[in-house]
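J.: Sequence below, structure please.
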Amino acid sequence: MRGGLFWLNDKQWARIEPHLPTGLTGPDRDDDRRIISGIIHMLQSGARWRDCPPEYGPYTTIYNRFNRWAKRGRWCAIFEALATPGKDAVALSLDSTSIKAHRCASGGKGGSTIKQSAGRVEAARQKSMR
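T.: Numbers count the residues shown, from 1 in each chain. Sure, this is the predicted structure:
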């Protein structure tokens, strides 16, 4: 396995497992621990779902699980279970800050934006007439 990937430890998994859906019909689900670890990794990294590391499984499975559970409100219970302080409490923070800028916002077009100071402008006016 690659370094830098997020994996739920045994204590975290023990807190999450009671909040997972059970008794569902249909095909067997992929390994929940691996999928949830992948979801948390993608939320922390802020990358596109398509760029999810293959160690977590197919990115479509990870995205679909996150999306379906978000619509059903399951993540609130899971994140609350992870956030409850225990003996080995660790502070975690999720940040989804983003700033959108137009492609022209870098100032590449329009010439020089350097402006003369007011003192130089006054000095420049004296050259024309006295």
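
J.: ranges for the helices of the protein?
T.: Using DSSP state H, the helices of the chain run over residues 10-16, 32-45, 59-72, 74-83, 118-125.

J.: can you pull the contacts of the closest residue to A81 other than its chain neighbours?
T.: Distances taken as Cβ to Cβ, 6 or more residues apart in numbering place R15 nearest to A81, at 4.4 Å, with adjacent residues excluded. C-betas here are computed from N, CA, C, even on glycine. Counting by Cβ atoms under 8 Å, 6 or more residues apart in numbering, R15 makes contact with 81-82, 84.

J.: Y56 too?
T.: By Cβ under 8 Å, 6+ apart, the neighbours of Y56 are 5, 34-35, 37-38, 41, 62.

J.: circling back to that earlier point, can I get the contacts of R15 in a markdown table with pLDDT?
T.: Shown next, in a markdown table, are the contacts of R15 (pLDDT from 0 to 100):
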| residue | pLDDT |
| --- | --- |
| A81 | 81 |
| L82 | 78 |
| T84 | 72 |
